[in-house]
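S.K.: Sequence and predicted structure, then a few things I'm wondering about:
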Amino acid sequence: MPFNGWGALAGFVLGLLLTHNLLGGLVGAFVGWVLQQRLFEGTDALPGVRQIFFETAFSVMGHVAKADGRVSEQEIRTARGIMARMSLSEPEVREAIRLFSDGKRADFPLDEVMQRFARACGRSRMLVRSFMELQLEAALADGPMSGVQRQLMERLARHLGVSAAELHQLEALILAAQRHQRGGARQRASAQRAAKSELAEAYELLGVTPEASDGEVKRAYRKLMSRHHPDKLAAQGLPGDMRALAEEKTREIRAAYELVREARGMR
């Protein structure tokens, strides 16, 4: 069985070097072990985490698409687009489609499925946010969410301990990504109105108001970038084939920050 107490060992050695006594080494070992658990919690079971994430993401996505009565062509295209952006193999695409169809069943055990997901992935806030982003993308595929879909998003959020404020911010992130993908093709009344609208949306995406200080804006930006960093997500079990999706999110966050920074004249 491979040794997985490297955090405690490193902490023990560092503690000895800093304090030159056994007690310091023991304290260091404990601190190192705690840090290992917090930073890499669950990595021994990464293959299982990846599988559960994959299965839950696509089955719940089907359930979300069906929530308002019928699955639209745009919702199907969105699901297909996610599969393409994940660079799934043909067998994986077939499995994702099967899971999506399974989620559309009237007797789909949503609560049971979400409880399983929460047990496997719930301690990783990065995985939780990535999962919620996928479901929001499905819910927003063909326009604003219906009341039923919004209630379903709130239900998923409760299962995973996602606050209303965080859910709203994740929704803003998905809407920003959708606008970017459309290439600015929306009809606008004037360039000035468009600039004001985009700036307001950028503040919303970052989770701050125009009244926030420059320091608060910077802290919000750094926090978001840390949450969505592809390498950190991979370390916590996000499937490698979802790296492209994580990178998309970081580009949207960076673009929003640059827009706000330029408008404020921040360095």
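M.R.: That came in fine, so what should we check first? Numbers count the residues shown, from 1 in each chain.

S.K.: how about residue 202, what does it touch?
M.R.: Residue 202 is in contact with 176, 255-257, 259-260, counting by C-beta atoms under 8 Å, 6 or more residues apart in numbering. In this view, the C-beta of every residue, glycine as well, is placed from N, C-alpha and C.

S.K.: Output stretch 77-84 as CSV, restricted to C-alpha atoms.
M.R.: Extracted C-alpha coordinates of stretch 77-84, given in CSV (Å, rounded to 0.1, in the frame of the first residue of the first chain):
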residue,chain,number,x,y,z
ARG,A,77,-27.2,21.2,-28.8
THR,A,78,-25.9,22.6,-25.5
ALA,A,79,-25.4,19.1,-24.0
ARG,A,80,-23.7,18.0,-27.2
GLY,A,81,-21.6,21.1,-27.2
ILE,A,82,-20.4,20.3,-23.6
MET,A,83,-19.5,16.8,-24.7
ALA,A,84,-17.5,18.2,-27.7
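
S.K.: Give the buried residues for it.
M.R.: Along stretch 77-84, the positions that meet the burial threshold by neighbour count (16 or more other C-beta atoms under 10 Å) are 78-79, 82-83.

S.K.: What residues sit buried inside the host helix or strand of residue 95?
M.R.: Assigned by DSSP states H and E, residue 95 belongs to helix 90-103. Along helix 90-103, the positions that meet the burial threshold by neighbour count (16+ other C-beta under 10 Å) are 92, 96-97, 99-100, 103.

S.K.: Tabulate those (JSON lines), appending distance to residue 218.
M.R.: Conversion of the buried residues of helix 90-103 to JSON lines gives the following (distance: C-beta to C-beta, whole Å):
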{"residue": "92", "distance to residue 218": "39"}
{"residue": "96", "distance to residue 218": "38"}
{"residue": "97", "distance to residue 218": "43"}
{"residue": "99", "distance to residue 218": "40"}
{"residue": "100", "distance to residue 218": "40"}
{"residue": "103", "distance to residue 218": "40"}
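
S.K.: quick one, phi psi at residue 105?
M.R.: Here the main-chain torsion angles of residue 105 (degrees, to the nearest 10) amount to phi -60, psi 140.

S.K.: and the angle for the strand or helix carrying residue 81 with helix 90-103?
M.R.: Per DSSP H and E: residue 81 is located in helix 73-85. For helix 73-85 and helix 90-103, the angle between their directions (axes from the mean of the first three to the mean of the last three C-alpha atoms, to 10 degrees) works out to 150 degrees.

S.K.: by contact count, what packs against helix 73-85?
M.R.: helix 46-66, helix 90-103, helix 125-139, helix 243-264 (3 or more C-beta pairs under 8 Å, 6 or more residues apart in numbering; DSSP states H and E).

S.K.: For the helix holding residue 95, give me every contacting residue.
M.R.: The set of residues external to helix 90-103 that reach it, using C-beta under 8 Å, 6+ apart, is 54-55, 58-66, 79, 83, 88, 108, 241.

S.K.: again, but for stretch 152-160
M.R.: In contact with stretch 152-160 (C-beta under 8 Å, 6+ apart) are residues 60, 63-64, 67, 110-111, 114-115, 117-118, 122, 128, 131-132, 135-136, 139, 145, 162-164, 166-167.

S.K.: Got a ChimeraX select line for the buried ones in those residues?
M.R.: For anyone working in ChimeraX, the buried entries among those, judged by 16+ other C-beta under 10 Å, can be selected with:
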select :60,63,64,67,110,114,117,122,128,131,132,135,136,139,145,162,166,167
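
S.K.: pLDDT below threshold where in the stretch 101-250 of the chain?
M.R.: Regions of the stretch 101-250 of the chain meeting the criterion pLDDT under 70 cover residues 179-196, 228, 230-245.

S.K.: Try it again at 90.
M.R.: Judged against pLDDT under 90, the low-scoring parts of the stretch 101-250 of the chain cover residues 120-130, 133-134, 137, 141-144, 146, 165-166, 168-250.

S.K.: so where do the helices sit in it?
M.R.: In the stretch 101-250 of the chain, the helices defined using DSSP state H, counting those that start in this stretch lie at 110-121, 125-139, 147-160, 164-181, 191-206, 214-227, 230-235, 243-264.

S.K.: closest to residue 73 out of those?
M.R.: The closest of the helices of the stretch 101-250 of the chain to residue 73 is helix 125-139. By C-beta to C-beta, the value is 13.5 Å.
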